[in-house]
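1. okay, predicted coordinates and the sequence, questions at the end:
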Amino acid sequence: MLTCPFCEFENPDSQRSCEQCGQPLQRWRVIDIPGPAATAIAPDELSSDGYLDCDRRYRLIASPALPGAASPAPLVVIDCQPEADSPLQALQAAWLDTPALDPNTHPLAAGVPPEAYPYLALQADYFPAIPELHHVWRTPQRTLLLIEDRTIWLPLSTGWLAIDEPLQRIQWLFEMTLLWQALAPWQGQATLLNPQRLTLNENSLLCLTQIDAVGRQSPLPLQVLGQMWQTLLSRGQDLPLKVQTLVSDLSEGTVTDIKHVQETLAEAAQDYPLPGLEGAAPQWHDDVDHELSGAEVNGFADEENGPIPAIARAAVADDCDLDTDAAFDTQELTDDDGTGLIEAPTMVLPMKLAGLDDAGQSHVGQQRHHNEDWFFSQTQLHRVSGPQGSVMRAKGLYILCDGMGGHASGEVASQLAVRTLREYLSQHWSGDRLPEQDVLYQAVFTANQALFDINQSNATSGIGRMGTTLVMVLVHNLEMAVVHVGDSRLYSYSKRVGLRQLTLDHEVGQREINRGVEPALAYARPDAYQLTQALGPRSKEDLTPSIAYHEITEDTLLVLCSDGLSDNDLLERHVDSHISELLSSRANLISGAAHLIDLANEKNGHDNITAILVRIKLQPDMMSMVE
């Protein structure tokens, strides 16, 4: 059991936030590097209350027992100040900005032990293969590193036997060659020779549990990597003859060029078809859409007569891929509140779409008598399969509007805006790409004109004029377009970046901040939350929608929401308890949306509440390596 440092409640070992108080349970694995005359640290060497550091931030906890483990359980600490930044945050950010950073001369690296360098240097190009380094310090007896705890991830040795896909094994070998090259400048290649250091994340990407640095100046010979591969092949699970011959030549020392190894593996991937796909016909799963308001609290119609639930679509979307998520039910996903863009760095390996699913819900809230929010979601999935493998194609449209205008006008405005946008895009988005910016502008102007004409014909003025906010996302494969008007928001969550707000509210307070006013002063104005942009009240000449395009390069959860959910930084304050776990394919998005609605009713409740969750899952693309 895991004891919460805040309320002392006993939680299951796999819990990421306390079941009683909701505080995050952030764990870090301790890497102990003793000095020449020191022995490995023991729990009885710590302070009486079990803290590893003099600042009393990191407290030792019992590590989960690993089945069949021959070595002692690793030391793990719980972070008693999880809201505080990593002490290495500034240096890591500098290294991400400047991959060629020289730690020997950079001022931020002064005093940082060199054992930390490979973790920091390789994050930019090799995340998530390289674990996150949270902190490092040196004492007279030892160097201590706190890194992401991956001890309960699936070992490569287990996955090699359990995942019966030769193409997947070729991919792992290829990924090892990339890491072999990356670790060479840091004398870390020996890491790849230790099976205990090789693990798999939930997307079956090869990852390291830690980096073993050895004190040698020259890189290891490639032959030792081939000998390690021979050990893997001896476990069974046949590979193509071309790969077997390569491994044999490599282990005997007759192949010494890493580029030749990579080219041979890529050719083998091209020659080796995925099982069961020869001559397979295209598979279509499309026209799955939902248009709902608060009247349908559960967010989905009956399965026999209505839309397919999102969790079922996720299974359909990946029907040709072995589901290995069960092996990662308790896998730790470390949060990072960095300030990078959504296009966060990932390991240098081409990625492809593995799955796309969504769920949405709306609720009237605790103080309103009717629901003026409206939303729509549509997901199309298209899998093309053939002798060279399978490719998932996806197209998604997700629209959320928060109406305003009093009486029933807000409901009319949000519904009409959603319907107009749907109809316009159904006619103008048919190509194999996202719509151009001009098309998106015109879609917004068309919806605005529909509402504006009603306002003009009714001769309404001021607060009597109907209007609505808008946040809309269009997804095409690994690209997305975001369209935004008003204060409804889009957030993204990924393991690398954490939760990030991708839209800026169109309101007076934010406008003043954009002009250089301090946030505290900007939002001290009585009109700080008054909208500066909305659909309907004014003509298109006075409307400036925000439009942005993003590339998706890692598993991402999108959250579209009205201000009933986003007010008071509600999502930012409950990332661990309500957002992060939804990134896993095993998490039910329908339940996740319901929990967010419940949270908003409990903590906010003053307005209508609507959320659309969109989960995008990726996996490495072996076919692209050939190109």
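-> Here it is on my side, so go on.

2. quick one, longest strand in the chain?
-> The single longest strand within the chain, with elements called by DSSP state E, is strand 389-404.

3. hang on, residue 599 in a helix?
-> Yes. Under DSSP: H, G, I helix; E, B strand; the rest coil, residue 599 falls within a helix.

4. quickly run through the sheet partners of the longest strand of the chain, with directions.
-> Applying DSSP bridges to the sheet, strand 389-404 is found paired with strand 373-386 (antiparallel), strand 467-468 (antiparallel), strand 470-476 (antiparallel).

5. show me what the residue nearest the centre of the chain bridges to in the sheet.
-> Per C-alpha atoms, centre = their mean, the C-alpha nearest to the average position across the chain is that of residue 494, at 2.2 Å. Note on residue 494: beta-bridge partners residue 498, judged by DSSP bridges.

6. that one contacts residue 583, doesn't it?
-> Yes. Counting by C-beta atoms under 8 Å, residue 494 does reach residue 583; the two are 7.3 Å apart. In this view, the C-beta of every residue, glycine as well, is placed from N, C-alpha and C.

7. give me the common contacts of those two.
-> Common neighbours of residue 494 and residue 583 (criterion: C-beta atoms under 8 Å, 6 or more residues apart in numbering): 555, 556, 557.

8. any regions of the stretch 1-150 of the chain where pLDDT drops low?
-> Where the stretch 1-150 of the chain drops to pLDDT under 70, the residues are 1, 14, 42-48, 62-73.

9. what about the helices in it?
-> Counting by DSSP state H, counting those that start in this stretch, the stretch 1-150 of the chain has helices at residues 89-97, 117-126.

10. longest helix of this structure, counting residues only.
-> helix 437-458 (DSSP state H).

11. that one: how far from the chain's middle?
-> In terms of C-alpha atoms, centre = their mean, to the nearest Å, the centre of helix 437-458 is found 34 Å from the chain centre.

12. contacts for that helix next, please.
-> Outside helix 437-458, the residues touching it (C-beta under 8 Å, 6+ apart) are 412-413, 416-417, 420-421, 424-425, 428-429, 435, 465-468, 470, 474, 481, 483, 485, 535-540, 543, 545, 547.

13. got the angle between that helix and strand 470-476?
-> Angle, helix 437-458 to strand 470-476, by axes from the mean of the first three to the mean of the last three C-alpha atoms, to 10 degrees: 150 degrees.

14. return helix 437-458 as CSV; C-alpha atoms alone will do.
-> Once non-C-alpha atoms are left out, helix 437-458 reads as follows in CSV (Å, rounded to 0.1, in the frame of the first residue of the first chain):
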residue,chain,number,x,y,z
GLN,A,437,-7.6,28.6,-43.5
ASP,A,438,-9.8,30.5,-45.8
VAL,A,439,-12.4,27.7,-45.8
LEU,A,440,-12.4,27.7,-42.0
TYR,A,441,-12.8,31.4,-41.8
GLN,A,442,-15.7,31.2,-44.3
ALA,A,443,-17.3,28.4,-42.2
VAL,A,444,-17.2,30.6,-39.1
PHE,A,445,-18.5,33.6,-41.1
THR,A,446,-21.4,31.6,-42.4
ALA,A,447,-22.4,30.5,-38.9
ASN,A,448,-22.1,34.0,-37.7
GLN,A,449,-24.3,35.3,-40.5
ALA,A,450,-27.0,32.9,-39.7
LEU,A,451,-27.2,34.2,-36.1
PHE,A,452,-26.7,37.8,-37.1
ASP,A,453,-29.6,37.7,-39.6
ILE,A,454,-31.9,36.5,-36.9
ASN,A,455,-30.8,39.3,-34.5
GLN,A,456,-31.3,41.8,-37.3
SER,A,457,-34.8,40.5,-38.2
ASN,A,458,-35.9,40.5,-34.5
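
15. what segments of the stretch 151-300 of the chain are helices?
-> All helices of the stretch 151-300 of the chain, identified by DSSP H, counting those that start in this stretch, fall at 156-162, 166-183, 222-233, 241-252, 258-271.

16. determine which stretch of those helices is the most buried.
-> Sort the helices of the stretch 151-300 of the chain by mean neighbour count, taking mean count of other C-beta atoms under 10 Å, and helix 166-183 sits at the top with a mean of 21.

17. out of the helices of the stretch 1-150 of the chain, deepest packed?
-> Buried most deeply of the helices of the stretch 1-150 of the chain, by mean count of other C-beta under 10 Å, is helix 117-126, with a mean of 22.

18. so which elements touch it?
-> Helices and strands touching helix 117-126, by 3 or more C-beta pairs under 8 Å, 6 or more residues apart in numbering; DSSP states H and E, are helix 89-97, strand 133-138, helix 166-183.

19. rerun at 6 Å
-> Helix 117-126 sits against helix 89-97, with contacts defined as 3 or more C-beta pairs under 6 Å, 6 or more residues apart in numbering; DSSP states H and E.

20. got the angle for the helix it packs on vs helix 117-126?
-> Using the same axes, to 10 degrees: helix 89-97 against helix 117-126 is 50 degrees.

21. out of the helices of the stretch 151-300 of the chain, the one nearest residue 402 is which?
-> helix 166-183 (44.3 Å; C-beta to C-beta).

22. helices and strands around the closest one, which ones?
-> The contact analysis (3+ C-beta pairs under 6 Å, 6+ apart) places helix 166-183 against helix 258-271.

23. average model confidence for the helix it packs on?
-> The predicted model assigns helix 258-271 a mean pLDDT of 85.

24. report the distance from it to the chain centre.
-> Distance, centroid of helix 258-271 to centroid of chain: 30 Å (C-alpha atoms, centre = their mean).

25. break the protein into its domains for me.
-> 2-147, 160-271, 283-294+357-548+558-626 (automatic domain parsing).

26. pull the helix or strand with minimum mean pLDDT from this protein.
-> Across the helices and strands of the chain, mean pLDDT, DSSP states H and E gives its lowest value to helix 310-317, namely a mean of 30.

27. so which residues of the stretch 401-550 of the chain form strands?
-> Taking DSSP state E, counting those that start in this stretch as the test, the strands found in the stretch 401-550 of the chain are 467-468, 470-476, 479-485, 489-494, 498-501, 546-551.

28. any idea how far residue 24 is from residue 572?
-> 13 Å (C-beta to C-beta, to the nearest Å).

29. check the residue nearest to the centre of the chain and give its pLDDT.
-> Confidence score, pLDDT, at residue 494: 91.

30. got it, and the one 3 residues further on?
-> At residue 497, the predicted lDDT confidence score is 85.

31. so residue 5 sits right up against residue 80, yeah?
-> Yes. Residue 5 is within contact range of residue 80, at 4.4 Å (criterion: C-beta atoms under 6 Å).

32. ok, and the closest non-adjacent residue to residue 422?
-> residue 376 (6.1 Å; C-beta to C-beta, 6 or more residues apart in numbering).

33. wait, doesn't the one you found sit right on residue 418?
-> Yes. Residue 376 is within contact range of residue 418, at 5.0 Å (criterion: C-beta under 6 Å).

34. identify the contacts common to these two.
-> residue 399 (C-beta atoms under 6 Å, 6 or more residues apart in numbering).

35. how many neighbours does the closest residue in space to residue 84 that isn't next to it in sequence have?
-> In this structure, residue 84 finds its nearest non-sequential neighbour in residue 57, 7.3 Å apart by C-beta to C-beta, 6+ apart. When neighbours are counted by other C-beta atoms under 10 Å, residue 57 registers 19.

36. next one: residue 57 from residue 138, what distance?
-> For residue 57, the distance to residue 138 - C-beta to C-beta - is 17 Å.

37. go on, residue 513?
-> From residue 513 to residue 138 the distance is 42 Å (C-beta to C-beta).

38. those two: which is more packed in?
-> Set residue 513 next to residue 138 and count neighbours by other C-beta under 10 Å: residue 513 wins out with 18 against 15.

39. which residues does that one contact?
-> 519, 522.

40. how many neighbours does the nearest residue to residue 501 once chain neighbours are set aside have?
-> The shortest distance from residue 501 to any non-neighbouring residue, by C-beta to C-beta, 6+ apart, is to residue 491 (5.5 Å). Neighbourhood size, residue 491 [other C-beta under 10 Å]: 21.
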